[in-house]
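Engineer: Show me the folded form of this:
(chains A and B)
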2 protein chains.
Amino acid sequence: MADRILIGHGSGGKLMHQLLRNLISPLTGIEELLDSAVLDINTCKIAFTTDSYVVSPLFFPGGDIGTLAVNGTVNDLSVVGAEPLFLSLGLILEEGFELKHLERILMSIKSSAEAAGIKVVTGDTKVVNKGKGDGIFINTSGIGIIKGEVELTPKNVRPGDRVIVTGPIGNHGVAVMAERNSLKFDPPLYSDTRALNDLVREILKAGKAVHVMRDPTRGGLATTLKEIAEEASVCIEIEETRIPIMPQVRGACEILGLDPLFVANEGIIVAFVEEDMAESLLETIRAHPKGKEAEMIGIVRASPEGMVLLNTEMGGTRMIEMLSGEQLPRIC
Amino acid sequence: MADRILIGHGSGGKLMHQLLRNLISPLTGIEELLDSAVLDINTCKIAFTTDSYVVSPLFFPGGDIGTLAVNGTVNDLSVVGAEPLFLSLGLILEEGFELKHLERILMSIKSSAEAAGIKVVTGDTKVVNKGKGDGIFINTSGIGIIKGEVELTPKNVRPGDRVIVTGPIGNHGVAVMAERNSLKFDPPLYSDTRALNDLVREILKAGKAVHVMRDPTRGGLATTLKEIAEEASVCIEIEETRIPIMPQVRGACEILGLDPLFVANEGIIVAFVEEDMAESLLETIRAHPKGKEAEMIGIVRASPEGMVLLNTEMGGTRMIEMLSGEQLPRIC
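Structural biologist: Numbering: from 1, shown residues only, chains lettered A, B, ... in the order given. This is a model prediction of the structure:
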């Protein structure tokens, strides 16, 4: 292990998992990799999550740091089966940051929270000296309620389960990367940042047939699949031709030397579903405005445990690992 | 209003209140000045709070950014009458930050959380480029449970109420300031950072006689009293000679040109209590290890509304306002 923090420690990939496993988890007792903690308070079952947002640039096609900060936390609550209720808002502002930018970001927070039906209930504002921050960092923590007997965990995943992704991958990461490098697309490409609690509500109608869900943000779809394969001790086999990718994303990734499988998403879900319910659930998802481009991309096998295998367009098979190093720093 | 963020916007004083009132509250719907939001989830009444910690230097006599991050949030939950249960931990690390410092801070978090009986249940780690942060910023959000019919709000405050402060003021701010300026004290001076949920438990045994509590952090005791005077539409009259201040703090404040009334605290509470219960509550507080130096420092009057009056040692009366500008930046 390095003796200093590297940019790659924030990637969501291998280095970050190492840091979590070797330092943060043992010292704090936080369990790894959960989008939200699921907690019992008296008779209530709640979900609790936190995320800091350090995206650069602050504004990008399709959203800004404010929309991300609301939607990201709403989605972390949603994928564990919680109905998002309350949000906290922690602002770390850099001296000299323009108030008009702060206002624009707060307006995004307001409209995103209203759209998702979550209420901002508590906040905190700190200011650091010029040169000791980067305009604005935002932390949001969220509380949601889990109704009924929903239990979504990788432990539920079984051989035979189907893997559904609810929309095209890579849009968020490529949109931010393009903004950072002044690239333009025709037709334009937007971040997919959006709240998915409404889509999740539809998915959960399939009940216990839904085994686990994740929103594949930092580290992309590949890292999320690898996490689940390891946690569930299964093999996940996916078909490259089935993975929805927009042409602009594919093109940009080719030019920039990125693999869309490792690019961050902010508006899609990957769900593991019982075989016999998979087709009907796919139809349900496609009937929702946020799931029109959903695809069934793979299947769970018993072995080799902990592996993700990609059957490529060319007919070969590739082993998928977690993102190593940092492909796209400060993407969220 | 300025068009850019000033260091004073983070002071806890006037500028911050303006920012909250004019921009953050109207756009997000966050109510001002609450240490924690009090929320109903089904039949559960919970408290929810968030704070980011940007203290500089990271390590100071009596604590570090990790102890602050746990204790500060525990105390914000405690003063609304909640029993702290769960903590989230959001780390924003700067590229190049030494892992040995991170480890030391995480160990402080672990021991502080254990001491307070709160559990770290969820976390997030982001990394920003070198020069875009300042080593480490920490956000903690906390959830606590409110049992029974506890309701602590400035609206309860009545003329005749007594004002109790549970310990000497200014220790945290002066300890950090001294560390920043390489000042030494003999005997040494330590930050008062500590969890107060055990002391609050004792105070709450006085039941509805306790009208409101606050922990006077940024902006100091003066700013907290002014907030309560305004929110409760009462006058608070305090006696300078009764306010506990350690000799080192008094001396350092004289040298540095600071007013201890405006210096941050991290381990004391100011409580407003019904007149006829005040003496016995003071005894209860003094019987607790964290309240030995408690004092009854003042009384609530009906008017002039919104005012804090300090009867000085010299026999005069001084009007106390909120901290204006920034006395001690990045104190927590």
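
Engineer: tell me the SS of the residue most central in space within chain A?
Structural biologist: Closest residue to the average C-alpha location of chain A: A:Thr217 at 2.9 Å, with CA atoms, centre = their mean. Put simply, A:Thr217 is coil when judged by DSSP: H, G, I helix; E, B strand; the rest coil.

Engineer: which residue packs closest to it, ignoring adjacent ones?
Structural biologist: A:Ala264 (5.2 Å; CB to CB, 6 or more residues apart in numbering or on different chains). Every residue, glycine included, has its C-beta placed from N, CA and C.

Engineer: does that neighbour count as helix, strand or coil?
Structural biologist: A:Ala264 ends up coil, using three-state DSSP.

Engineer: The single nearest residue of the stretch 101-250 of chain A relative to chain B: what's it in contact with?
Structural biologist: Closest contact between the stretch 101-250 of chain A and chain B, by CB to the nearest CB, is at A:Val127 (3.0 Å). By CB atoms under 8 Å, 6 or more residues apart in numbering or on different chains, A:Val127 lies in contact with A:92-95, B:5-10, B:329.

Engineer: can you list the residues of the stretch 151-300 of chain A near chain B?
Structural biologist: On the criterion CB under 8 Å from any CB of the partner chain, chain B has no neighbours in the stretch 151-300 of chain A.

Engineer: Do you have the strands of the stretch 151-300 of chain A handy? List them.
Structural biologist: Along the stretch 151-300 of chain A, counting by DSSP state E, counting those that start in this stretch, strands occupy A:162-165, A:210-214, A:235-239, A:270-273, A:295-301.

Engineer: Keeping just the C-alphas, turn the second one into CSV.
Structural biologist: Coordinates of each C-alpha in strand A:210-214 appear next as CSV, following Å, rounded to 0.1, in the frame of the first residue of the first chain:
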residue,chain,number,x,y,z
VAL,A,210,-35.6,-9.1,-7.3
HIS,A,211,-32.4,-10.3,-5.5
VAL,A,212,-30.2,-7.2,-5.5
MET,A,213,-29.9,-3.8,-7.1
ARG,A,214,-27.0,-1.4,-7.5
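
Engineer: For that strand, which helices and strands make contact with it?
Structural biologist: Packing partners of strand A:210-214 (3 or more CB pairs under 8 Å, 6 or more residues apart in numbering or on different chains; DSSP states H and E): helix A:197-203, helix A:220-232, strand A:270-273.

Engineer: Check these for me and report the most buried one.
Structural biologist: strand A:270-273 (a mean of 26; mean count of other CB atoms under 10 Å in any protein chain shown).

Engineer: Strand partners (parallel or antiparallel) of it?
Structural biologist: strand A:162-165 (antiparallel), strand A:210-214 (antiparallel) (DSSP bridges).

Engineer: now these in TSV, with mean neighbour count and mean pLDDT?
Structural biologist: Converted to TSV, the strands paired with strand A:270-273 look like this (neighbours: other CB atoms under 10 Å in any protein chain shown; pLDDT from 0 to 100):
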stretch	mean neighbour count	mean pLDDT
strand A:162-165	24	98
strand A:210-214	23	97
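
Engineer: and those as JSON lines, adding distance to A:Ser25?
Structural biologist: Shown next, in JSON lines, are the strands paired with strand A:270-273 (distance: least, CB to CB, whole Å):
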{"stretch": "strand A:162-165", "distance to A:Ser25": "27"}
{"stretch": "strand A:210-214", "distance to A:Ser25": "19"}
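
Engineer: Please name whichever of these is nearest to B:Met177.
Structural biologist: Nearest to B:Met177, of all the strands paired with strand A:270-273, is strand A:210-214, at 45.7 Å by CB to CB.

Engineer: State the distance from the closest residue to chain B within the stretch 201-332 of chain A to A:Leu39.
Structural biologist: Taking CB to the nearest CB, chain B has its nearest neighbour within the stretch 201-332 of chain A at A:Arg330, 6.5 Å off. Per CB to CB, to the nearest Å, A:Arg330 is found 30 Å from A:Leu39.
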